[in-house]
Structure formats: C-alpha cells, structure tokens
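Undergrad: Got a predicted structure here, sequence first:
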Amino acid sequence: MEEELRALGLQPDSVDGGADVEIAWSDLPRVTQALRCASRLYVRIGRSDVRDGQELRRLLASLPWALWPLPESVHVRWSVRKATSARAGWLAHETDRILALRPKGEHPPLTLLIRVTGPEVEVSVDAAGRPMHQRGWRTEQGEAPLRETVAAAMLRAVGYDGTQALWDPMCGSGTLAIEAATWHCAVSVRPWDVDAWHLPPSPQAEVVVTRGPIVAGDLDADVIAVAIRNAERAGVAGAIDFRPVEIASQLRDGFRPECVVVNPPWGRRLGGRNEARRLLQRLCAVLLRDALGARAAILTPEPQAIRELPLRDATSRQVDCGGASLFLIAGIIAAPSTRRSR
Ligand SMILES: C[S@@+](CC[C@H](N)C(=O)[O-])C[C@H]1O[C@@H](n2cnc3c(N)ncnc32)[C@H](O)[C@@H]1O
C-alpha cells in the first residue's frame, strides 16, 4: 500500500497496521480511486483532549461539516485504548446524543471513526464509506473467493501495471482477472463516499495507454459463468478471455503471459491437503512449460512452498485473508538450475 501511495507522488509514513500521509482535500477522490490494496482510507479531521460534555461538543462542532451534503445519518465506529469502559460508554452515549441534533438530509450516511486514547479523542472520516475490497461487482462468487484488495496486492507483487499479458489459471469467480481488467481499461471502482463530498474539482485521473490481454481459466464451467457475469457487472468482460478448461490446456493457443497470478485451492478450504499439494506440483510443471520467464505471484497456506515453487529470486510475505494468514510468494518462473530465493 505504501508503494501505491509513493506511486501517486505522496510520501507516506509507516504506522501500525497502515500508512499515514498528507494530501490536499481536492486530491482525495483521485487517491481513494487509485488505492487498490488499502482496506480503509480515513481522513483525520479533529483531535483534542475531552474531559466533559462541553469539550466533546466543541470538538464535534469543529469538524468540517460543510464538506458533506447533509447525510441521512452519521455512523460512528469506535476504537478505544487506555480508557475505562465507563469513559468509552459515556463518550459513545454523548456523541450519539450530540449527532442526533444535527439536521438530516437525503445523502448517503457519513461514517466517522473515533479513536479514544486516554484523555485524547481523535475523529476521522471514512473517505470510502465501506471496506474498500467491496468494489460492487462481485455479487456472485465461487468457493473460497479472494478479497479484491489481496488480489490487487498479488498484481502489484508481479509488477502488473495494466499493460502486460496476464494469466490466472485458476480464476474461480474471476477476482484477480477482473481487478486486473479494471486497471487495464482504466475503469473506476464503484463510487466512494468522497465522490459526493463538496470538494474542488479533482485533477484528471491517470489513463493507461498501452493494452495487454488477460487470460483467466478454471476447470469448473459453472464458476467461469459466475466470473463472466461478475466481469460484466464490473464493465470489463470484453477485456478478459475466459477459458473453461484445466490448467494444462489453457494456453494451447501459444499465449505467453508476462505475469501469472494464482490462488490455488488449499487443503483447509477446498478438497484435502494432499490433493492440494498434488495440484500445486501439477501447477509447477505447467508453469515451467507455459510461462517460463514470467513474473508469478501465488497465494498459499504452505510456508515451505517458497522452496518448492519453480521461482527465481522468490520472496514471501504473510498476508491476512479475512482472518486466515496466507503466504504471498512472488518471483520469476525459472528452471531449477537457475533458482535462488530471498
Ligand atoms: C481458491 S479458488 C480461486 C478463487 C478465486 N481467486 C476467486 O476469487 O474466486 C481455486 C479455483 O481453482 C480451480 N481449479 C482447481 N483445480 C484446477 C485445475 N486443475 N485446472 C483449473 N482450475 C482448477 C477451482 O475450480 C477453483 O475455482
């Protein structure tokens, strides 16, 4: 995610669980659209010590309310550290009471995050208004679908920028291919809350100029039908060549991918663990035959896979996939004699 921020010309600082960055208000819609790996984007809008009702009212009144067309309601999420439950309860009760006095409109709800740390209360507004993996098009899914933000992280891990030839040989409901196609076609993800705020006009979005094909396969024809409908909802169906066949037959036409992203079934969720391991071995053989030299990113629960996969200059990092911790292993597909891991 920090790489994404830097690519937008920003200078993020690492903080626990994320990154902190300063941007102009007018740039917020562009940045919110461009961040594909982030799960939430909060804008800090007020901070002070709060000891009584008057200080709380002052803090809430100081928020930049004119930015938002009157929302139909204000939702508050809380994060409390170094404060008693009595103080947290009092703050929640008083905040609800004060916010209920605000005039209501017909616009989407506004979502605030209030962090309480000891005497300090910090208020932020959620620029997206919902978890950012909810792109809006995946209303149908196969088994074990991938979070869209993790799919974006896998695409970043292979250096995908919307221009290279890409292959997902086990596409399921199409998450990786559809996320890639939205980069390739420069299609916006759904409107976020920030798009309705009263901000000065934002600069032009960056547009990808060159194009590269995307191939997504799966042996399950029913799940491919789901993926096609998802791609239609995302407005990118024309950018993806869906192939409902087994991995070994998907690239018979000689298509040569520059990037490969795979989220294979894994023992705990699909089939047995031994079956998953056999499939991984089969995938290795197919990758060596059909995608030698391509950059690959594979998501697996097996930490030792970094030694088994046919990858040169391989790196591994743990990623949180909806509560499960998996390994995102990336590298260049290479024959055994040329491999080296980091
Ligand atoms: C974990 S799911 C992929 C989920 C997908 N990333 C998503 O977001 O929906 C793994 C997929 O691999 C497919 N698969 C399993 N064995 C396969 C094979 N030999 N050839 C092609 N696809 C296969 C399954 O049908 C399943 O859809």
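TA: Now that the structure is in, tell me what you want to look at.
Undergrad: now for the helix ranked longest in the chain, which elements pack on it?
TA: In the chain, taking DSSP state H as the definition, the longest helix is helix 273-290. Where contact means 3 or more Cβ pairs under 8 Å, 6 or more residues apart in numbering; DSSP states H and E, helix 273-290 is packed against strand 295-300, helix 305-308. Heads up, the C-betas are built off the backbone N, CA and C, glycines and all.
Undergrad: which residues are in contact with the first one?
TA: Same thing as strand 295-300. Strand 295-300 is contacted from outside by 146, 150, 154-155, 157-159, 258-264, 266, 280, 283, 287, 305, 309, 311, 319, 321, 326-333, using Cβ atoms under 8 Å, 6 or more residues apart in numbering.
Undergrad: if we can go back for a sec, in the longest helix of the chain, what counts as buried?
TA: For helix 273-290, the neighbour count (16 or more other Cβ atoms under 10 Å) marks 276, 279-280, 283-284, 286-287, 290 as buried.
Undergrad: quick one: buried residues of the helix or strand harbouring residue 90?
TA: Residue 90 is part of helix 85-100, with elements assigned from DSSP states H and E. Neighbour counts over helix 85-100 (16+ other Cβ under 10 Å) mark 87-88, 90-91, 94-95, 98 as buried.
Undergrad: Tell me the one of those nearest residue 77?
TA: Nearest to residue 77 among the buried residues of helix 85-100: residue 95, at 11.4 Å, using Cβ to Cβ.
Undergrad: Surely that closest one and residue 75 touch.
TA: No - counting by Cβ atoms under 8 Å, residue 95 does not reach residue 75; the two are 11.4 Å apart.
Undergrad: Enumerate the residues of this protein near the ligand.
TA: Contact residues, the chain versus the ligand (Cβ under 6 Å from any ligand atom): 141-142, 144-146, 169-170, 172-173, 175-176, 217-220, 223, 246-247, 263-265, 270, 279.
Undergrad: and these, which are buried?
TA: Among those, those classed as buried by 16+ other Cβ under 10 Å are 141-142, 144-146, 169-170, 172-173, 175-176, 217-219, 223, 247, 263-265, 279.
Undergrad: Among these, name the ones in strands.
TA: Among these, the members found in strands (DSSP state E) are residue 217.
Undergrad: In helices only, show me the buried ones among the residues of the chain next to the ligand.
TA: 175-176, 223, 279.
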